[in-house]
Structures are given as C-alpha cells and as structure tokens.
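Chemist: heads up, no residue letters with this:
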C-alpha cells in the first residue's frame, strides 16, 4: 500500500475523537520524555500538532514532516512555542539523512506513524543510521488488542483483532500491531526494547466515543478516568508503545 499523503491529511483532520486521543498521547509522551535525556530531540512526523507546542524542556528539536499541510502548520506553530529552537524539514526520514546524521539526538519520537509505513525495513535502517548507542527511540501505534477491538471480536463485528477495520483502511494503516508484534518488529530490525506498555484506555470506537461526548454521556472527568484505567487493565489501552535502543 503506497501512502497518499494528500488524502491522509484531509482524512486525519476530520477524524472524530482524535483531539482527545492526541491529548492523551501527548500526556504519555511527556511522562516518558521526562524519564530520559531529551536535550536534542528528533520528531518524525508531527501531524497537526508537534510536541513542541506542549513541551519546551529541550535545547533543540528537529521535526521531519513530509505532508505539506502538516509541515506548513508546524512552521507557523513555531511562533506559539515557548522554546523556539525548532527546525522543521519537509521530507521523508530516509531522504533527510544528509541533513540530520551526526546530530546525536538523545530522544527520537516516532508517534502514531509506524503502522502507516509500507516499507518498514527502509525506515528502520534510517533510524539505525541516525541513532547513537545512547539514543532512546519511542514508538507508539494503535493497539490491535485494545479493549474496544477485543469487544468487537466478541460481538462478532470482526473475526480477529488483526482484521482491518474501515478506519484502518481509511487512514492507510499498513500494519495492525499488538504489543508482541511491535516488540518483534523492532527487535528484528536491530533494536532492543527497554520499556513497553499501553495507554489511553477507551471502551468504544472513535466514532462511538465522539457521539457519546456530543450527547453529554461521556464527560471530561470520565475521559481522564479512562486514561488511568490502564493500571488495572494492562495492555488493553487503545495505543501501545515501546522505548528502544540500538542492540549492542
């Protein structure tokens, strides 16, 4: 499946519930960033809102974003950033190596992207070349074995949690990962997992969550409670993550 970035931009910006998902994703990201060295950050794919809008404790952040709409917004958003030491490059990661190799990034952020990449081995090779032995690389992706997908299996709506949903197809999602497959993928590409988990528990689909929010059936207090439920229901959150290093 080749990615149509123009269509993806339009679909992404209109996705129901996504603003809530983004906020919880950033909440987890900031928790993790604060655990590791993060003076020099590389963000691969920033979407509509780069992490620099919510996090400023860095010396420099470099953003790689090939989609024109997202790139243009990131450039404009630098004005809103508390820390404006931001570089934005409009390119695919593997095509930007000459501009970023040797920068010795402490932390590389690959948020909500890996599942959309058809040629993952090329992407991992680029990451391997960029990273040092001390670089922490963070991946997060949708969780194929999330509570709401397992519920869909038990309801007979899908045959297995790995079956592509209409949303997976709409957003050009190449791979449905659970935590085991995500770990296996990074390990097969020369990396070692040092931390993993899930977050952003939600019982229903994006559209169902948005419909209930619109009907005042789900409140912000409930959403914050859902986020904390992962401690009782490990690996059933709507998204999963791994933090990895190059294998020595």
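Modeler: The structure has been received and is ready for your questions. Here the structure is a predicted model, which is why all the values come from computation and not from measurement.

Chemist: so what pairs up with residue 193 in the strands?
Modeler: Under DSSP bridges, the beta-bridge partners of residue 193 are residue 244.

Chemist: which parts of stretch 60-73 are buried?
Modeler: Residues of stretch 60-73 classed as buried: 61, 62, 63, 64, 65, 66, 67, 69, 70, 71, 73 (neighbour count, 16 or more other Cβ atoms under 10 Å). Every C-beta, even on glycine, is put in place using the N, C-alpha and C of the backbone.

Chemist: okay, the fifth one and residue 87: tell me how far apart.
Modeler: Read that as residue 65. 11 Å (Cβ to Cβ, to the nearest Å).

Chemist: and the contacts of stretch 227-234?
Modeler: 24, 27, 147, 197, 198, 199, 200, 201, 236, 237 (Cβ atoms under 8 Å, 6 or more residues apart in numbering).

Chemist: give me the subset of those residues that lies in strands.
Modeler: Under the assignment DSSP state E, the contacts of stretch 227-234 contribute 197, 198, 199 to strands.

Chemist: adding distance to residue 53, write those residues out as TSV.
Modeler: What follows is those, written out as TSV (distance: Cβ to Cβ, whole Å):
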residue	distance to residue 53
197	24
198	24
199	19
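
Chemist: which of these lies closest to residue 35?
Modeler: Set against residue 35, the nearest of the ones in strands among the contacts of stretch 227-234 by Cβ to Cβ is residue 197 (12.2 Å).

Chemist: what's the pLDDT at that closest one?
Modeler: Note for residue 197: predicted pLDDT of 96.

Chemist: please identify the buried residues of the longest helix along the chain?
Modeler: Longest helix in the chain, counting residues (DSSP state H): helix 18-33. By neighbour count on 16+ other Cβ under 10 Å, the buried set for helix 18-33 is 18, 20, 21, 22, 24, 25, 26, 28, 29, 32, 33.

Chemist: which one of these is nearest to residue 151?
Modeler: Ranked by distance to residue 151 (Cβ to Cβ), the buried residues of helix 18-33 are led by residue 21 at 17.5 Å.
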